[in-house]
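# Everything below, folded, please.
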Amino acid sequence: MTEKDRFAMDKIYSSDGVGNIKSYSKKQDADVECPQKPNLMAADGTSVGGLYNCAGMWISIDVNGPYKKPNALGHDIFYFSVDSQTKQLFPLGMNKVTGYWNFSAKDRYCSVNSTDVKNGYGCTSFALANKCPDDASKSYWECLP
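Next up, the predicted model:
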């Protein structure tokens, strides 16, 4: 990672908690204060991060990195956690708790109609299953707002 890359990640994934990362609906900035924002970049631009914070283990992935848009939860930024009992990785959106967080309420955490600033955290399980959270007749990627 070059100095330019570090600067770009600091600027895009701002440390004040609410930066240029958008919620799933892309109508507002996402609240990314508790989970780790991606902070390491691979040669292809993919960015990852991990942190224990706000009573949860967070693993974040930006599949196309900070230079490419949309930089939005559930579009190109996805979150995982680690089950404290089984020590297995799981995608957020499953009916599991990380710390005291549970992002399985799709109407709040993965919906085009949600106004919650955490909207998009629960989309990872839908993306992996390729199921649209708002329309069962569409694939996940067909229904992105």
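# which regions of this structure sit below the pLDDT cut-off?
For the chain, the stretches flagged by pLDDT under 70 are 1-19, 36.
# Mind jotting down where the strands sit in it?
40-41, 47-53, 56-62, 77-82, 89-91 (DSSP state E).
# Can you point out the buried residues in stretch 32-39?
For stretch 32-39, a neighbour-count test (16 or more other Cβ atoms under 10 Å) marks V32, C34, P35, Q36, K37, P38, N39 as buried. (Each C-beta comes from the backbone N, C-alpha and C, glycine too.)
# how much space is there between the last one and G56?
It refers to N39. Computed as Cβ to Cβ, to the nearest Å, the N39 to G56 distance reads 17 Å.
# next one: the fifth one
Note on K37: its distance to G56, by Cβ to Cβ, is 14 Å.
# Number of residues surrounding S84?
The number of residues packed near S84 is 12, by other Cβ atoms under 10 Å.
# please renumber so the chain begins at 44
Understood, numbering begins at 44; the last thing we discussed is S127.
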